[in-house]
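> Structural data only, the sequence is not supplied:
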């Protein structure tokens with residue numbers, strides 16, 4: 001049986017990718033490795049944990065000896081690398097953690113994969129999941145393409161840009177067969193509530209302030225997480241070696257407009273007065289190095305692999321809200337303890 005290791009598979013995007021692969025490919029054994037830090041949660045995968053083609057392994061990609069032994073033992077045919085520190089605010093306060101996981105961890109995986117299959121890469125693939133933030137900030141016009149020059153502006157995006165460069169370097173130097181994808185902001189079920197949408201859903205439920213950075217006019221492209229999982233599936237199986245694919249939602253929103261739409265939908269679902277949740281919007285001091293606008297040109301993956309988002313943002317947002325309102329126990333569990341201390345330090 002073919003074996004694929006998915007790193008960070010207990011996290012937000014990773015859990016959706018693991019679930020899709022386990023259910024879609026019964027002839028492939030999926031190994032999920034995750035260190036189960038604050039954002040990793042095995043309850044995200046409770047529905048597939050007993051499947052015969054699924055194995056979870058707790059471990060840290062920063063531990064090179066552990067990774068090398070794991071590859072030697074299981075001889076993985078493919079890697080789908082999602083494990084990463086990903087929150088910009090945390091990267092500003094603790095950049096070293098981002099260097100260790102995102103850069104050193106990636107190089108450890110590359111070395112293990114290279115050393116295992118160095119004599120014969122046929123039928124093997126290393127898939128590296130990255131972000132649109134490596135490209136820097138756009139003005140009012142234009143889109144990020146696969147050939148846009150890198151211009152990272154935060155410790156997070158700098159660490160991801162570095163990992164992208166290492167993947168490409170291993171492709172050129174050692175002939176390692178890789179695919180990279182750079183994706184826009186994801187949203188959907190199981191998202192740890194430090195990012196904008198799940199944070200604000202949780203705050204609206206609890207009638208807490210909604211902290212909007214600066215003037216709220218920062219613009220992002222948004223993609224429903226299950227659509228991202230489909231794109232990863234397509235690019236892993238049908239993408240070309242040594243190619244990059246930009247994955248985006250064709251769906252730009254200014255932060256303040258998104259927040260107002262979220263408030264409107266939440267008021268309707270919670271049967272609150274019109275605009276009640278909008279009264280919770282609180283403008284806070286902007287964060288350092290805040291990029292004005294990200295926007296992805298996803299025409300390449302559309303033309304080559306036939307991928308398109310399946311839901312509009314309004315539809316995806318409604319599905320996301322419904323999931324959180326139906327899973328309040330999950331939300332309460334992940335927002336207890338150390339998260340509360342982080343939240344106070346960051347936004348209060």
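Arrived safely, thanks for sending. The structure displayed is predicted, hence computed values, not measured ones. Numbers count the residues shown, from 1 in each chain.
> how is this structure carved up into domains?
2-188+222-247, 196-218+252-288+312-340 (automatic domain parsing).
> Most tightly packed of those?
When the domains of the chain are scored by mean count of other Cβ atoms under 10 Å, the highest mean neighbour count falls to domain 2-188+222-247 (a mean of 19). C-beta coordinates here come from the backbone N, C-alpha and C atoms, glycine included.
> what's the span of it, first residue to last?
Start to finish, the residues bounding domain 2-188+222-247 are 26 Å apart (Cα to Cα, to the nearest Å).
> And the biggest helix by length in the chain, what does it pack against?
Of all the elements of type helix in the chain, the one with the most residues (DSSP state H) is helix 155-174. With contacts defined as 3 or more Cβ pairs under 8 Å, 6 or more residues apart in numbering; DSSP states H and E, the packing partners of helix 155-174 are helix 88-93, helix 95-98, helix 105-117, strand 125-131, strand 178-183.
> tilt between that helix and helix 105-117?
With axes from the mean of the first three to the mean of the last three Cα atoms, to 10 degrees as the basis, helix 155-174 and helix 105-117 are set at 20 degrees to each other.
> How far away from the center of its chain is helix 155-174?
Computed by Cα atoms, centre = their mean, to the nearest Å, the separation of helix 155-174 from the middle of its chain amounts to 17 Å.
> Can you name the residues in contact with that helix?
84-88, 90-92, 95, 98-99, 101-103, 106-107, 110, 114, 118, 126, 128, 130-131, 133-134, 136, 150, 152, 176-178, 180, 182, 241-242 (Cβ atoms under 8 Å, 6 or more residues apart in numbering).
> Kindly report the same for stretch 111-129.
By Cβ under 8 Å, 6+ apart, the surrounding residues in contact with stretch 111-129 are 13, 64, 67-68, 70-72, 75-82, 84, 106, 109-110, 163-164, 167, 170, 174-181, 183, 232, 235-236, 241.
> Straight-line length of it, end to end?
Distance between the two ends of stretch 111-129: 17 Å, counting by Cα to Cα.
> Show the average pLDDT along it.
In this model, stretch 111-129 carries a mean pLDDT of 96.
> again, but for stretch 148-158
When pLDDT is averaged over stretch 148-158, the result is 97.
> And for stretch 161-173?
For stretch 161-173, the per-residue pLDDT values average out at 98.
> For the stretch 151-300 of the chain, which segments count as helices?
Using DSSP state H, counting those that start in this stretch, the helices of the stretch 151-300 of the chain run over residues 155-174, 196-205, 225-238, 255-270, 299-305.
> wait, which of those is closest to residue 38?
When the helices of the stretch 151-300 of the chain are ranked by distance to residue 38, counting by Cβ to Cβ, first place goes to helix 196-205 at 13.4 Å.
> Output the contacting helices and strands for the closest one.
Short answer (3+ Cβ pairs under 8 Å, 6+ apart): helix 196-205 packs on strand 210-213, helix 255-270, helix 313-326, helix 328-334.
> got a list of contacts for that helix?
In this structure, residues lying in contact with helix 196-205 by Cβ under 8 Å, 6+ apart are 187, 191-193, 208-210, 255, 258-259, 262-263, 266, 270, 277, 280, 317, 320-321, 324-325, 328, 331, 335.
> tell me the angle that helix makes with helix 255-270.
Between helix 196-205 and helix 255-270, the angle comes out at 50 degrees (the same axes, to 10 degrees).
> any idea of the mean pLDDT in helix 196-205?
If you average the per-residue pLDDT over helix 196-205, you get 96.
> cool, and stretch 320-338?
88.
> tell me the pLDDT at residue 345?
Per-residue confidence at residue 345 stands at 72 (pLDDT).
> From residue 280, how far off is it?
Counting by Cβ to Cβ, to the nearest Å, the gap between residue 345 and residue 280 amounts to 20 Å.
> ok, now residue 105?
Relative to residue 280, residue 105 is positioned 38 Å away (Cβ to Cβ).
> If we go by neighbour counts, what in stretch 288-295 is buried?
The neighbour-count criterion (16 or more other Cβ atoms under 10 Å) identifies 291, 293-295 as the buried residues of stretch 288-295.
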